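Asker: with the sequence up front, the predicted model follows.
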Amino acid sequence: MVARTVRFDGVSEPEWGVGSGWFEQDYLPVAEESEGFEGAYLFVDRERGSVLSVTLWRDAATADASEEAVRRHLDHYAEMTGRRPTIETFDTALARPPAA
């Protein structure tokens, strides 16, 4: 499994509202239809103004294949807010899913 993280810092409360809506309504539907999509999380630290999304992909090939779509969506978000994210990709070293 591969995780892609997208982090925005210095996000105001109004920007958080725009960003969370964008993530849920614009990006996730595209990701969910992409081959190899395994799940997503969106985290916020309102005190620090940091937002972190984590999308999970079956393998490096499917993460790479989704890259164009995420870039297109992030470019659109940057046009709306003027914010550019930090994007990183990680291989899974250990996974312990929650018990059902």
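Answerer: Ah, there it is. Just so it is clear, the model here is predicted, and its values are computed rather than measured.
Asker: which strand residues bridge the residue most central in space within the chain?
Answerer: By CA atoms, centre = their mean, the chain has its centre lying nearest to Ser53, at 3.6 Å. Beta-bridge pairing for Ser53 (DSSP bridges): Val6, Leu42.
Asker: residue ranges for the strands of this protein, please.
Answerer: Here the chain has its strands, by DSSP state E, at 2-8, 37-45, 50-57, 86-91.
Asker: output these as JSON lines; include the columns distance to Pro97 and mean pLDDT.
Answerer: Glycine gets a C-beta too; all of them are placed from N, C-alpha and C. Converted to JSON lines, the strands of the chain look like this (distance: least, CB to CB, whole Å; pLDDT from 0 to 100):
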{"stretch": "strand 2-8", "distance to Pro97": "13", "mean pLDDT": "94"}
{"stretch": "strand 37-45", "distance to Pro97": "10", "mean pLDDT": "94"}
{"stretch": "strand 50-57", "distance to Pro97": "11", "mean pLDDT": "94"}
{"stretch": "strand 86-91", "distance to Pro97": "16", "mean pLDDT": "92"}
